[in-house]
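Chemist: can't give you the sequence, but here's the structure:
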């Protein structure tokens, strides 16, 4: 669940109801798990505060180009003349760090196009970051492999994946051969296969690792309003907002993809 007071109240009532029916394991102590995706988003957003003015400038520049067909065409022509593979800017959702990342990574590819386009459209000049601003944006992308991964792989090579064995169950687990990083590794299946060897640890792992740590899909549903009611579009009537939200969901559920895209563009 997300970090909201209303969620805490709702979870407290749910916990009371389930506890009466004896439906919660370990007396409900692990019933309420915070949304790690939202916590990560808050951490990244806090780190972006120092570059907020630059990000806002780039975002406004993308909106300036995107709101006019003639501007989009002119900008695309400049991009083609520069030999850029990507011919379209990306507008972000300001509350999503991964969306901001996509917008900035795309905008960096167009930084020369920004400068050239501003010479033909004087109204765009205020949205063009300086050379120093672009350097600060580029600094946000750590393109090298994190040092921790290299240290971990070095440790595996130096120890040949083996640590001196000991007698306790925990220390015996730590003495197991260390597996290299793998995106297809299923940690719950591993603990299930080793439950005989590590009976206590396997129960602890299954209790902890089986807890959902994110509610991205449901959170995105409740956060959809910010994509409609934004600083540049804040005068919509409640009835209009309701129609836009419900209409898009209904068409997405019962219609085809083209109709959904059309409503999305109208939103």
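Modeler: Cool, got the structure. Treat the numbers as computed from the prediction; the structure is a model and nothing was measured.
Chemist: Residue 22 should be in a helix, yeah?
Modeler: No - read with DSSP: H, G, I helix; E, B strand; the rest coil, residue 22 is coil and lies in no helix.
Chemist: next one: phi and psi at it?
Modeler: Main-chain dihedrals, residue 22, degrees, to the nearest 10: phi 60, psi 40.
Chemist: What about it, how many residues nearby?
Modeler: By other Cβ atoms under 10 Å, 8 other residues sit near residue 22. Every residue, glycine included, has its C-beta placed from N, CA and C.
Chemist: And for residue 123?
Modeler: Look at residue 123: counted by other Cβ under 10 Å, it has 9 neighbours.
Chemist: My guess is it contacts residue 64. True?
Modeler: Yes - the criterion here is Cβ atoms under 8 Å, and residue 123 meets it with residue 64 at 7.3 Å.
Chemist: So, low pLDDT: which residues of this protein?
Modeler: Residue ranges of the chain with pLDDT under 70: 1-3, 86-87, 143-153, 155-167, 212-234, 253, 255-267.
Chemist: could you redo the last one with a cut-off of 50?
Modeler: 259-265, 267 (pLDDT under 50).
Chemist: According to the record, where do the domains of it fall?
Modeler: What automatic domain parsing lists as the domains of the chain is 5-47, 49-139, 224-266.
Chemist: Format those domains as CSV; extra columns: distance to residue 171.
Modeler: Listed next are the domains of the chain as CSV, based on distance: least, Cβ to Cβ, whole Å:
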stretch, distance to residue 171
domain 5-47, 25
domain 49-139, 39
domain 224-266, 49
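Chemist: Ok, which of those domains comes nearest residue 197?
Modeler: Nearest to residue 197 among the domains of the chain is domain 5-47; the distance by Cβ to Cβ comes to 23.2 Å.
Chemist: how about the strands of the stretch 151-267 of the chain, start to end?
Modeler: Secondary structure of the stretch 151-267 of the chain (DSSP state E, counting those that start in this stretch): no strands located.
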